[in-house]
Structure formats: C-alpha cells, structure tokens
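Q: Give me a 3D structure for the following:
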Amino acid sequence: MSLVTSFLKKISSYFLLVLVLNFYSGFSQDLIITGVYDGPLPGGTPKGVELYATAAIADLSAYGLGSANNGGGTDGEEYTFPSDSASAGDYIYVTTAASTDEDEFLTWFGFNADYTHSAMAINGDDAIELFYNSSVIDTYGDPDTDGTGEAWDHLDGWAYRADNTGPDASWVQNNWTYSGANATDGCSTNSGCGSTMPVKTHNKLTVSAGTETISTDKNYDVVEVTGGTLSINNDASLTVKMSFSNSGGTVNLNSNSSNFASIIVQGTSSGDIVYKRWVADEDTSGGTGWDLIGSPVAGQSISSFVSANSNIADYDVQYAIGVFSNDGTTDTAAAMYTNYTSDGTGAGNISGAGNFTAGQGYAMATDDTAADGSTMDFTGTIRTTDLTDFEIDNNTSNAANFGKFNLVANPFPSYLNANSDAHATKNFLTVNGTANLHDTYVSVYGYDGDGGFSPYNNSTGSAVYIAPGQGFFLAADFTADISFTEEMQTVSGGDDFNSQNGDVLDDVLQVSLRLYHGEEEIEETRLYFEDGLSLGLDPGYDAGAFDQNSALMTRLIEEDEGHGLAINAMSTEDMDDVVIPLEINQTAGQEFRINLHASSIGEVNIYLEDTELETLTLLNEEDFVFTPTSDLSDAGRFYIHLTADTLSNEEVNTSLLNAYKKVDNNYITIEGLATQATSTQVSLFNILGTRVMDISLDNTTNTQIISTNGLSTGIYVLKLISGQDQLTKKLIIK
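A: Now for the predicted structure:
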C-alpha cells in the first residue's frame, strides 16, 4: 500500500467518523418511550404510549410520534407535539383521539392523558416510533413485522421498558418486559388488575441484596429497598419523586462535621431510615463543645435513641439531651436548659420522655473520648408533610433577655433553604417572617460551637441552608405557630452553622467590627448595605444580638427601640455619610480594643468617636484601645462615623438624644444625656395633644429612665429639647 493510498484511507476514515458523530449528535436522548398499552375497555381502549423526559425540554415540538401497523413499515411522523415544555422526570401520556378515549384513559389509569392523536389508535401487534427533528430516535416493536404472536405483542396488555435502557433507534426486544397478550382481559382499572402496568416507574432504584452506595446527587421516581443496604454518602443526596419504601433492608444517611447526606421524598414514604447524624462532643476540657440537634426522622423514642447510641455523653444520672424552655424567671441561657435523667430529675426520666418532638431542638453532646464528635443514629421514618403547628412564644416579661427565644430544629433529613439567597420565596425566613417572628430578630440564630450565637438572615451575604436535624434559635414577639414546609427542602448546602459563620464578606457591602480582650475575640457586630433599605428597622436584614448584654452592638439610627443589633442594615446611599450609635458593655478596669476586622465598602473612612473623651479613632489605621474607669453600658457615648471626608477631633462632637420604650417595660429610657451641654426637657403628650408629663433631666448621667406607671394605655408623643438638639418620637404604652 502506497503512502498516498494510506493517507487517503485515513482521511476517509476520519470523515466517516465525523459524519457518524454529526449524525448522532443531531438526535436528542432527552425523551424516550417507557411504556405502551392496549387496554381491555370498550373499543380496546385505552391505547397509547408513556414517554419519559430524562432532562428538561424547552420545546416539545421538536418531537413527534408515528405508528407502523401490521408490519407495513414506517408511516413517518404522524403526530408532532405542540410547543410545550417538560421538566426532567416528567412522564407524558399520549392516547387515542376518539371522543370517549380520554374518559376511558382516566377510568383505566386514574389520571388524565396529556395529549391525544389518532396515530395512537394501535393494536398490540403494531410498532411505535419516536421522532426528533423528523428522525427516529426510539422504537417499540419492529415496524416491518406484524407483531401478532411475537414476544412483544401486547394485545389487551402492556409492555414496559427496563431501567437504564434506551433510547433504541432500532428495536431491542430484550430492553422490555411484557405482560403477554390478553393479560388484562376482564379488568376495569390498571391498579385493580392482576397484571398491572408499572406506570411512572421507569426511573427506579431497587436494592435487594448487598450494598448500593449513593456517592453523587441522584434522582429516582421510585426507590424500593427489600434487602441489603442503601447508603448515601455524607456529600451526596437522593431525591425520590414518587415513592420510597424500605421493607426489609437498611437505609443509612451519613454525615461528618462538615457534610450531611440528604434525602427528599416528594411522594409517599414507608419504612425506616437511619440518619447517622454528626454531633459535637461535650469537651469538658474547656474548649468548644455540645451541639444543637433535632431529630431528622419521625417516630423514634428518646429512650430508644439513648439505648442505640453508647457514645452519648452522660454524667452521674444525667444524659446529654437538654431541653430548652424560656418560661422561667432566671434570665441566663444556661439556666433555661434541663437534661433528661435516669432518676426523674431535670427534664424528666429518660424512660418516660416519649418520642422526639418534630421541630424541637435539643442540646446534645457525644462522649468526650471522641476527638471532636461522632455520629449518633436517629432511626425512624421520613417526613413527607409540612410541619405547620410548632408553637413558639415570648416570656420577656419574666426573662427580658432570653425569654423571647425558642429552640427549634429542621425536622427533615434534608437541607432547608433559610434565606432569600437560597431561594427567593421558598425559604424559612420568608415563609415565617414578621408574621411569626420578632420584627427585630427575623433571623435564624445558629450556635458557633464556642458558646456564641450568630444570626443568619438576608444580610448574611450568601445562601444559608439549615442542615438535616440542625437546631437553632428563633425569637418570638408573641405566641405563634411556625412552619417547616416541604417546599423549603433542597439538596444544596454542605455544612452546619459552626462553619458557615466565616470571615469572608461574599460580594456584598459590609463592615465587620470586633471587640477583643488582648488577642481573644469577645464579640462581633456587622454593618450591611443594600439598595432600598432604610435607617430604621428592616426585618429580615437587621438582626438583634442574641444576648442583649453583648460586649459590642449597634443601634438603629432612626426609630430605635432599644434593641442592640448584631447586624445593622442600611441603604448603600448612606454608607459614606452616616453616624451609627455604638453600644459597648464592658466592666471597669478591663482593657479592650475595637478592631476594624474587614470592610468591603471601598475608600470610606471609619471613625470611632468617644463623646466623653472627645476623641476620634480612624479604625482604618489603628484600633480603638480603652480601659474604662467605670462600667460601660447602653448607647449614647460611642458612635461610628462612615464618611468620605477626613475628620478631626475639633470638627466632631456628636450630641444625639435617643428615647425608647420596650413593650414589657414600665418606663421610658432616655440615652445620650451626657453629650448635652445643658439639661434636657422631657414632655409627653397623649393622642389628644394634652401634656401629661413635663420633667427636666440633668446631663450628669448618660442614660436615665422615666416611669410610665399610672399612664393609660395608648399612643403618646415624646418630645426632648436640649439647647439646639430636639427629638420627637411616638411611643406606645401598654
């Protein structure tokens, strides 16, 4: 063979390969034939085909159907679909077009057909072809063979495609299962027939022996576990569209400290799963420890959970399952926990504790002998309905600080969308919002693992997801029912709150300030900027601090109600020209420093003003370091200035008055008095304009209170005057 001949043969082979590739690339495998049926009802109905969309299809009009009757060969594309769309996982049913055929289809299958056409007026010995752009991409039966008596003859019967087969442009008989001819004679419905066509079950996972491992995100219509083990890796998920059942095997969902498996069942579910849920250890050495956990399954008793998990921490008679209640009078978070015990003290005897309550969070810990934690088995069924009646309440009349908080938990074995960055509408905060949560605290409060709690809401800067079984705190203003809905479920997410509270300011406009004792971080507060927000309260963006005695917080610039904020959200219009009240709570003699930890708002000068010492500290260049000679608390002395200008001590001496009344207080709080050059005149008017109070406050104490005892319930107007400074504010007295 000459070199020229060899070269020409290689070129010919190359072009043949290109031609073949181009030929097949013109076909779409996004739609396949999964079932055919020839019913026994009058007229031999229903007749037609089941199709399955393996991927989203924007325009079905590229597809069509044709029948080949009695072995007469193809008749080409006889029916073209309209310009509809289909989602991945959709089943599409096309039946005959006679006036009664749609009714017979409904009678037989119990649901309506999607499309009708006379091309589906077939008998069990006829072949069906699926077209894409006028080319055959899938076939049932041999168009050139009369199917009478053939294995694929489905007269008064059906045939169904085997899983993980097709499409087949040329007929492949072994890729199908068959009822055989006349299998449905005498039946009136498919589901009531001895030979039932397995509708909508093409995408099915069956586990009967051995171990089937889900290592990537998977979607099935049906999952049946009759034996063996189905295991979902900690970084994988399983979504089941129609039905899940475990009748004799084991289903394990795995997790570690940073990854949690998910399962979402959109239809029906039966049988148990085992969620091997990572739980932090008790860490009695003084570091981080404990966890907030709820059961991600339904139907498990607390006593059986303890029996199944020997690694649960315990001490003397107590088990590391703590119940939080805000109904006491001791206003510390720790005092609101009681543990289940073996002798009936604390939260009660473990043997009589009953089942885990869906939606309730518990403080839990594994034994300290584990490195940082370990998994504990939660065994029960999968929740497939909304939880809409979990009650939260407010007890700030007895516990002003922590009485508003309630410990709840994700009751699903899947992640939930928490904020609008995770999903615009189907997220926890949007569904519950100000209707059920305290306006200033429309956030989920996650445990940091080091004794602190951080708010996560729409100003977090990124999508927030609630891990399976993850516990968190919510603040209530009154008794209300919160909801965990199926629509909130997602397979997105990869961690719990312990590591979501990172240092990165993700493509948002934020400022992070931190207070330190030496090198130990004590507290953080954040400023957040977004178009359309205000200087007042923006629920779901502003977030009150979990502990109102926190070392460092800010206040609202307008309409402040006395709540210290962990997140202060404002408009981008204000980020280079605004003065923000800063609340510092520190004891006398304790040196502290305030550091500009991070800023993403560009070339904006960030000053900290001390009005008493008349100093300005440019935090962009240095920390504010101070040792108070008396205890520091409340607002009115310290301010944060964000400005495009360069300021000096001589140019700035903020003198802002502030007043507020908390709902459960019987007094009005006045702040900023020490910044005034003279005394402050306080006047209070009722809704009719009648002056009901007139009092003068000196400027020797920065924060003072005025009793409201004896005043009738109603709306009042408060007016403060001190030299050139004035403040007028509406108050509600109950």
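Q: Would you mind confirming that residue 420 is in contact with residue 456?
A: No - at 11.7 Å, residue 420 and residue 456 do not qualify as touching, with contact defined as CB atoms under 8 Å. No exception for glycine: its C-beta is placed from N, CA and C like everyone else's.
Q: out of the two, which sits in the more crowded spot?
A: Comparing residue 420 with residue 456 by other CB atoms under 10 Å, the one with more neighbours is residue 456, at 25 against 18.
Q: Strands along the stretch 251-400 of the chain, start to end?
A: Using DSSP state E, counting those that start in this stretch, the strands of the stretch 251-400 of the chain run over 262-265, 268-270, 273-280, 291-293, 314-315, 318-324, 337-341, 348-349, 362-364, 373-380, 387-392.
Q: Run through the neighbouring helices and strands of the second one.
A: When contacts are defined as 3 or more CB pairs under 8 Å, 6 or more residues apart in numbering; DSSP states H and E, strand 268-270 packs onto strand 237-246.
Q: contacting residues around the strand it packs on?
A: The contact list for strand 237-246, computed with CB atoms under 8 Å, 6 or more residues apart in numbering, reads 89, 200-201, 203, 214, 217-225, 230, 232, 261-273, 382, 414, 491.
Q: Now residue 120, what are its backbone angles?
A: phi -90, psi 10 (degrees, to the nearest 10).
Q: how far away is the residue nearest to it when sequence neighbours are not counted from residue 679?
A: Nearest residue to residue 120, sequence neighbours excluded (CB to CB, 6 or more residues apart in numbering): residue 48, at 4.3 Å. Distance from residue 48 to residue 679, counting by CB to CB, to the nearest Å: 89 Å.
Q: Next: residue 134.
A: Distance from residue 134 to residue 679, by CB to CB: 91 Å.
Q: where does the spatially most central residue of the chain land on pLDDT?
A: What sits nearest the mean C-alpha location of the chain, by CA atoms, centre = their mean, is residue 417, with 1.7 Å. On pLDDT, residue 417 comes in at 97.
Q: cool, and the one 4 residues further on?
A: Residue 421 is assigned a pLDDT of 94 by the prediction.
Q: Burial check on it, number of neighbours?
A: 19.
Q: Pull up the gap between the nearest residue to it once chain neighbours are set aside and residue 450, please.
A: For residue 421, ignoring the flanking residues on the chain, the nearest one in space by CB to CB, 6+ apart is residue 463 at 4.2 Å. Using CB to CB, residue 463 is found at 24 Å from residue 450.
Q: Of the two, which one has the most company?
A: Using other CB under 10 Å, the more surrounded residue of residue 463 and residue 450 is residue 463, with 18 against 11.
Q: can you list the domains in this protein?
A: Domain assignment for the chain by automatic domain parsing gives 24-178, 280-376+386-502, 509-643, 658-733.
Q: Adding distance to residue 245, write those domains out as TSV.
A: Below are these laid out as TSV (distance: least, CB to CB, whole Å):
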stretch	distance to residue 245
domain 24-178	16
domain 280-376+386-502	15
domain 509-643	40
domain 658-733	51
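Q: Nearest approach to residue 251 belongs to which of the ones you listed?
A: Closest to residue 251 of the domains of the chain, according to CB to CB: domain 280-376+386-502, at 10.0 Å.
Q: OK, contacts around residue 731?
A: Counting by CB under 8 Å, 6+ apart, residue 731 touches 659, 660, 661, 668, 684, 715, 716, 717, 718.
Q: Tell me if I'm right that the second one and residue 668 touch.
A: Yes - using CB under 8 Å, residue 660 is in contact with residue 668, at 7.4 Å.
Q: Now, of the contacts of residue 731, which are buried?
A: The neighbour-count test (16 or more other CB atoms under 10 Å) marks 659, 660, 661, 668, 684, 716, 718 as buried among the contacts of residue 731.
Q: what about the third one, distance to residue 693?
A: To tie it back to what came earlier, the one meant is residue 661. Counting by CB to CB, the gap from residue 661 to residue 693 is 13 Å.
Q: Repeat that for the last one.
A: To residue 693, residue 718 is 9 Å away according to CB to CB.
Q: which residues do the two both contact?
A: 682, 683, 684.
Q: for the record, mean pLDDT for the one helix or strand the first one maps to?
A: Going back to what we said before, that points to residue 682. Residue 682 is located in strand 680-685, with elements delineated by DSSP states H and E. Strand 680-685 comes out with an average pLDDT of 94.
Q: buried set for stretch 444-461?
A: Buried residues in stretch 444-461, counted by 16+ other CB under 10 Å: 444-447, 449, 452-461.
Q: quick one: that stretch to chain centroid distance?
A: 14 Å (CA atoms, centre = their mean, to the nearest Å).
Q: Residue 108: what secondary structure?
A: helix (DSSP: H, G, I helix; E, B strand; the rest coil).
Q: Counting neighbours, what do you get for it?
A: Neighbour tally, residue 108, other CB under 10 Å: 24.
Q: With the one 10 residues further on instead?
A: Other residues within reach of residue 118, judged by other CB under 10 Å, total 12.
Q: before we move on, what about residue 233?
A: The burial count for residue 233: 16, using other CB under 10 Å.
Q: Just give me the neighbour total for the nearest residue to it once chain neighbours are set aside.
A: Distances taken as CB to CB, 6+ apart put residue 215 closest to residue 233, at 5.0 Å, once the chain neighbours are dropped. Residue 215 has 10 neighbouring residues, counting by other CB under 10 Å.
Q: Then the one 10 residues further on?
A: For residue 225, the neighbour count with other CB under 10 Å is 22.
Q: Kindly report the same for the one 5 residues further on.
A: By other CB under 10 Å, the residues close to residue 230 number 24.
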